[in-house]
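1. Sharing a model that was predicted from the sequence below.
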Amino acid sequence: MPLQTAARAGDRERPSQEPLLPLQRERGAGAANGTNGRSGLSTVAPGAETHRDRDRHGDGGAQLKKFLREDAGLMKRTLGRMMKACAPGARCLYLVWQYVLANALVGCAFLLYCKIAHKEWILLDLNKRIAELGNWNLQLANLLLLASYSASNYLILRTVLCLACFSFVLYALTSPVGYMLDMLLFNFSMALINGYYAVTHLYRQRYVEFPPEFEQAYRARFREFLSRTDFELLASEGFVRGEVQGVFLKKRGDNVTSLCMLVDGEVEVMGKDGIQVVDVHGANDLLEAPEWMRSGLNPDESRFDVSLRVSSPSVTFLKWPREAVVTLLEEHPQIRPALHAVLGIQTATVWTRMVSSSAVGRTLSGFNAAEGEREPQGGLSTKDGGSASPAAWSGGGTQGRPA
């Protein structure tokens, strides 16, 4: 046995020439894959990554994101179904809540009656462990807190909370057990905080007067989306301008450098050929609305696909520089959704108007063809007797296109 063991050990120690080729092939295949062929350990340097690993990790990340989205959607649907199934039970819980709340309010009223009628002995007779009711400063604070929890208006909520905190401050100063510094300082701080938010909210709701042109713009376009204080920020960046008939406010290929709104007069929208009139802007219309919408409210590199020419004897319009509007939206993000809505409504109005005119143009074209006259090309009848389709105005500037 010892001799056989030694012989086997000698066999293991003696190098063998035949297995070298398969081992080399295995190591070669492992090196090509970035792993050690015999042990399966990675031989890639730290920080390096094979294409196969990147593809596998990338697919795994995408699959994980997809799984999370599907899982979140499934959870929302499941919760929605559970809430719908629990609707009858929720109705019962609501009735129980109303019953308990009504009895609690009756108890509060009874305590106030005992305080007013000096019949606190009734409570003391019920149980010797019942303490004496607090003074009126504390009762007033409790009433104000109860009113604040029932208020849905933000201004009323902050105002009542401020008054309740001051009532607690008075109780802390007049407590029969002495000055209660913790209640005094905490409630005084809370009163100052609530008072600040109440005053600032009231200040934002103040009435702001505008010049006649800006007042018209606010009533016609922005009143549904902005308060007067927020529109004051936008109006402070604007100017009142005027032009006469025949002047081109914008030409095809010009950069979008401003946002203009007509106060009175008319402006023609010239098509890509510079001759056909594809639309006419009137009072309270925003001239560059499609360009601003297509560029995400930042038409830095946008250019006009149409020309804008004054068609009435004179026009008056409001003008906001592009840089001023973009900076204002960054500093006051609450204005961005309102401006987005106003420009979106204006863009939809323009396209609806053009589609409606296109339908009328196609009807007139049919009558002309029936009478043997030449049918005009396109579908949108124009002001100067020509025709154009809605495609004549793309409604937005092209990004980075040369003039």
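-> On my side now, so go ahead. Numbering: from 1, shown residues only.
2. what sits against the residue most central in space within the chain?
-> Taking CA atoms, centre = their mean, the centroid of the chain lies closest to Pro337, which sits 6.7 Å from it. Residues in contact with Pro337, defined by CB atoms under 8 Å, 6 or more residues apart in numbering, are Phe225. Any C-beta I mention is one placed from the backbone N, CA and C, and that applies to glycine too.
3. check which helix or strand covers it.
-> Assessed by DSSP states H and E, Pro337 sits inside helix 335-370.
4. Give me the mean pLDDT for that helix.
-> Helix 335-370 shows a mean pLDDT of 74 in the predicted model.
5. Go ahead and confirm Val169 touches Phe188.
-> Yes: with contact defined as CB atoms under 8 Å, Val169 reaches Phe188; the gap is 5.2 Å.
6. Which one of the two is surrounded by more residues?
-> It is Val169, of Val169 and Phe188, that has more neighbours when counted by other CB atoms under 10 Å, with 22 against 14.
7. can you list the residues that contact the strand or helix carrying the more buried one?
-> Per DSSP H and E, Val169 falls inside helix 154-174. Contacts with helix 154-174, where a contact means CB under 8 Å, 6+ apart, come from 134-135, 137-138, 140-141, 144-145, 147-148, 151, 179-181, 183-184, 187-188, 190-191, 194-195, 197-198, 201-202, 205.
8. so of the residues you listed, which ones are in strands?
-> Within those, no residue falls in strands by DSSP state E.
9. Narrow those to those that are buried.
-> Neighbour counting with 16 or more other CB atoms under 10 Å marks 137-138, 140-141, 144-145, 148, 180, 183-184, 187, 190-191, 194-195, 197-198 as buried within these.
10. Please identify the buried residues of the helix holding Val169?
-> For helix 154-174, a neighbour-count test (16+ other CB under 10 Å) marks 157-172 as buried.
11. with those in mind, which one is nearest to Leu262?
-> Of all these, Arg158 has the smallest distance to Leu262: 41.0 Å, by CB to CB.
12. ok, the closest residue in space to the closest one that isn't next to it in sequence - contacts?
-> Once flanking residues are discounted, Arg158 sits nearest to Ala198: 3.8 Å by CB to CB, 6 or more residues apart in numbering. Ala198 sits next to Leu155, Arg158, Thr159, Cys162 when contact means CB under 8 Å, 6+ apart.
13. and which of these is nearest Leu259?
-> For the contacts of Ala198, with Leu259 as the reference and CB to CB as the criterion, the closest is Leu155, at 32.9 Å.
14. I'd assumed Met270 was in contact with Leu249.
-> No: the pair Leu249 / Met270 is not scored as a contact, 10.9 Å apart, by CB under 8 Å.
15. Identify the contacts common to these two.
-> Joint contacts of Leu249 and Met270 (CB under 8 Å, 6+ apart) are Leu308, Arg309.
16. a markdown table for the contacts of Ala198, including pLDDT?
-> Converted to a markdown table, those look like this (pLDDT from 0 to 100):
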| residue | pLDDT |
| --- | --- |
| Leu155 | 91 |
| Arg158 | 92 |
| Thr159 | 92 |
| Cys162 | 93 |
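17. Quickly name whichever of these is closest to Glu213.
-> Ranked by distance to Glu213 (CB to CB), these are led by Leu155 at 31.3 Å.
18. Which helix or strand in the chain has the lowest average pLDDT?
-> Ranking every helix and strand in the chain by mean pLDDT, DSSP states H and E puts strand 380-381 at the bottom, with a mean of 39.
19. quick one: buried residues of the helix or strand Thr316 falls within?
-> Applying DSSP H and E as the criterion places Thr316 in strand 314-321. Residues Val315, Phe317, Leu318, Lys319, Trp320 are the ones in strand 314-321 that count as buried (16+ other CB under 10 Å).
20. okay, now Cys108: neighbour count?
-> Cys108: 14 surrounding residues under other CB under 10 Å.
21. Filter the buried ones among the contacts of helix 154-174 down to just the ones in helices.
-> In helices, judged by DSSP state H, the following of these are found: 137-138, 140-141, 144-145, 148, 183-184, 187, 190-191, 194-195, 197-198.
22. which of these lies closest to Val280?
-> The closest of these to Val280 turns out to be Tyr197 (CB to CB; 48.1 Å).
23. Average pLDDT for the helix or strand encompassing Val326, rounded please.
-> Assigned by DSSP H and E, Val326 belongs to helix 322-331. Regarding helix 322-331, the rounded mean pLDDT is 94.
24. Stretch 112-125 too?
-> Mean predicted confidence for stretch 112-125 is 76.
25. With stretch 64-82 instead?
-> 75.
26. can you give me how far it is from the chain middle?
-> Stretch 64-82 has its C-alpha centroid displaced from the chain centroid by 23 Å (CA atoms, centre = their mean, to the nearest Å).
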